[in-house]
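Asks: With the sequence up front, the predicted model follows.
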Amino acid sequence: IDDAFVRAQTNVGLHVRVRNGGGVVANDCPVKVFLGERQVSAFQMTVKAGATAATVVQVQVPDGALALGRVVTEDSPVTFDNTYYFTMQPVAAIHILEIGLEPVTQQLYGNEPLFSYVFEKPQSVNYGKLRQVNLVVLSELKEIDAGLREGLWDVLKRGGSVVVIPSMLEAGRDSYQQLF
């Protein structure tokens, strides 16, 4: 596929490669692509003897569920190797919480539907959100209070990530060092 992240209801390029192991050109070999029971693409390929031909078709996973797919060719009289099975799993949204004075990373994360981005100022952090996010970005906080520090440790314990962009101010350095 063209993208490392498959998104529901978004086109993704599926690379299809067909190999002709025979000694005769396969002219206009029909190829069908299915997601579940639904046919999502059909085309024909000509493949020279002993060669490989490739193309890219656009497919779309309809929802967030695992999509069971298959590519089917017709190569009479041989039928045992005409189906290739694959799966596509749309990724869940990556929840990002940026805490800072200004939303520094909003342009990076805010325009991509893969990310669920929220910005909060340090004095109004919703600690309940920390239990739901995958990534916390601390952006130049003057200091990190004990409650936030505990919340960040909880994010890390459950497999989340924390990015720290430290403040240039000397006053808050001790609170940053207590993180580690």
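Replies: That came in fine, so what should we check first? Numbering: from 1, shown residues only.

Asks: Now do the strands in this protein.
Replies: Along the chain, counting by DSSP state E, strands occupy 11-19, 26-35, 38-47, 52-60, 67-73, 83-88, 94-100, 115-120, 135-139, 161-165.

Asks: got those strands as TSV, with mean pLDDT, mean neighbour count and distance to residue 152 columns?
Replies: The C-beta positions use only the backbone N, C-alpha and C, and glycine is treated the same way. Shown next, in TSV, are the strands of the chain (pLDDT from 0 to 100; neighbours: other Cβ atoms under 10 Å; distance: least, Cβ to Cβ, whole Å):
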stretch	mean pLDDT	mean neighbour count	distance to residue 152
strand 11-19	93	15	34
strand 26-35	94	16	40
strand 38-47	95	14	43
strand 52-60	95	14	38
strand 67-73	95	17	36
strand 83-88	94	13	34
strand 94-100	94	20	9
strand 115-120	93	18	13
strand 135-139	94	21	6
strand 161-165	93	14	5
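
Asks: out of these, nearest to residue 148?
Replies: Proximity to residue 148 (Cβ to Cβ) singles out strand 94-100 among the strands of the chain, at 7.5 Å.

Asks: hey, C-alpha coordinates of the closest one in PDB?
Replies: The C-alpha trace of strand 94-100 is given here as PDB (Å, rounded to 0.1, in the frame of the first residue of the first chain):
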ATOM      1  CA  ILE A  94      -3.800   9.100  17.700                       C
ATOM      2  CA  HIS A  95      -4.800  11.400  20.500                       C
ATOM      3  CA  ILE A  96      -2.400  14.200  21.100                       C
ATOM      4  CA  LEU A  97      -2.500  16.800  24.000                       C
ATOM      5  CA  GLU A  98      -0.200  19.800  23.700                       C
ATOM      6  CA  ILE A  99       0.300  21.700  26.900                       C
ATOM      7  CA  GLY A 100       1.900  25.200  26.700                       C
END
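
Asks: Other residues contacting that strand?
Replies: With Cβ atoms under 8 Å, 6 or more residues apart in numbering as the test, strand 94-100 has contacts from 104-106, 109, 114-122, 125, 129-130, 132-141, 148, 165.

Asks: dump the residue contacts of residue 28.
Replies: Contacts for residue 28 (Cβ under 8 Å, 6+ apart) come out as 44, 45, 46.

Asks: One more pass at 7 Å, please.
Replies: Contacts here follow Cβ atoms under 7 Å, 6 or more residues apart in numbering; on that basis residue 28 touches 44, 46.

Asks: Relative to residue 47, how far out is it?
Replies: Counting by Cβ to Cβ, to the nearest Å, the gap from residue 28 to residue 47 is 10 Å.

Asks: what do you get for residue 11?
Replies: As judged by Cβ to Cβ, residue 11 and residue 47 stand 26 Å apart.

Asks: again with residue 171
Replies: 69 Å.

Asks: cool, and residue 12?
Replies: Going from residue 12 to residue 47 by Cβ to Cβ gives 24 Å.
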